[in-house]
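Trainee: based on what follows, work out the 3D shape:
(chains A and B)
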Amino acid sequence: MISNMLRFPFSMLDNEMDSLFYPEVYRSLAGSAPAYPPINISTTDKSVDVYLFIAGMNPDDIELIIEKNMLSVSGTRKLPDTGDEQQHHYRQERFSGAFKRVITLPETVDTDSTQAVYKDGVLHISIAKRAEKQARQIKISAQ
Amino acid sequence: MNTEKNVAKRSAEKVATLTPATDIYESKEGVVLYVDLPGVSKSTLDIDVDQDILSIKGQIDLTTAENMQPTYMDVRANVYERRFTLGDELDSSKIEAQLEHGALKLSIPRLEKHQPKKINITVA
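Mentor: Below is the predicted model:
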């Protein structure tokens, strides 16, 4: 019994990332739900790329707003209607309801050139960096 | 259905995989699973049944540019994996799968002999 208790927290650490997709376990440990949807942000020297993992949406139901340097993504996720009273559910882990996430973009982006594509349940938002802010190499001429 | 075997196996392997959020409903005809697999396309999704174990495995396939530097990551692995044990009364040869915008719907009917039957009463 003691060995079980000792081992448990460590095996939980191994699966730390799973907790994002394992609401029951996560809630009991941290006392709150992870933010939905999960986000990854990457940068290149030319752009800032934001990926939102938000499966099964109609893209028209996702609202994307950029105000100054704040990118906000919101919407309501409605799960397929399984309202038949005779249906018994065994598990309900998927997120449903309203969500909103706000991301502060670096000053260097040109928000006028934002592209958003929804593919396979991932919303990919690409925002170009302003030309004058892109790193450039300066050639030294010899005299 | 349970996923305990899956969890145990994963901690042994120490491979980072994501456990996709799943809803499971029982319908008149059988069982319906909804699995969130954002980033997984038809070509990177694998569903198979080995005896009574249903395995779902999907690879996240993102369009990424060269020289990309991660700055913030909620999702740190690119493979989803989850297993379920199917009950005897389910007919694993008739599983129907639909994937739309990264949301998978699996319908698994009950075996014919376990389907609800309506008996017609004839009045003599």
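Trainee: tell me which residues of stretch B:98-110 are tucked away?
Mentor: For stretch B:98-110, burial by neighbour count (16 or more other Cβ atoms under 10 Å in any protein chain shown) applies to B:L99, B:H101, B:G102, B:A103, B:L104, B:K105, B:L106, B:S107, B:I108, B:P109, B:R110. For every residue, glycine as well, the C-beta is placed using N, CA and C.
Trainee: of these, which are in range of chain A?
Mentor: Subset of the buried residues of stretch B:98-110 in contact with chain A: B:H101, B:G102, B:A103, B:K105, counting by Cβ under 8 Å from any Cβ of the partner chain.
Trainee: spit out the contact partners of the residue in chain B that chain A sits nearest to.
Mentor: Of chain B, the residue with the smallest distance to chain A, taken as Cβ to the nearest Cβ, is B:G102 at 2.0 Å. Counting by Cβ atoms under 8 Å, 6 or more residues apart in numbering or on different chains, B:G102 touches A:F53, A:A55, A:G56, A:D120, A:G121, A:V122, B:D36, B:L37, B:P38, B:G39, B:V40.
Trainee: go again with 6 Å.
Mentor: Shown in contact with B:G102 (Cβ atoms under 6 Å, 6 or more residues apart in numbering or on different chains): A:A55, A:D120, A:G121, B:L37, B:P38, B:V40.
Trainee: residues near the nearest residue to A:K119 once chain neighbours are set aside, how many?
Mentor: Excluding the flanking residues, the one nearest A:K119 by Cβ to Cβ, 6 or more residues apart in numbering or on different chains is B:T63, at 7.6 Å. The local packing of B:T63 (other Cβ atoms under 10 Å in any protein chain shown) involves 11 other residues.
Trainee: mind checking the backbone torsions on B:T63?
Mentor: phi -80, psi 120 (degrees, to the nearest 10).
Trainee: quick one: it and A:D60, what's the gap?
Mentor: Here the distance between B:T63 and A:D60 works out to 21 Å (Cβ to Cβ, to the nearest Å).
Trainee: per-residue confidence at A:Q134?
Mentor: At A:Q134, the model reports a pLDDT of 65.
Trainee: same question, A:M1
Mentor: The model reports A:M1 with a pLDDT of 36.
Trainee: quick one, strands of chain B?
Mentor: Assigned by DSSP state E, chain B shows strands spanning B:22-26, B:30-36, B:45-50, B:53-59, B:69-73, B:79-85, B:96-100, B:103-109.
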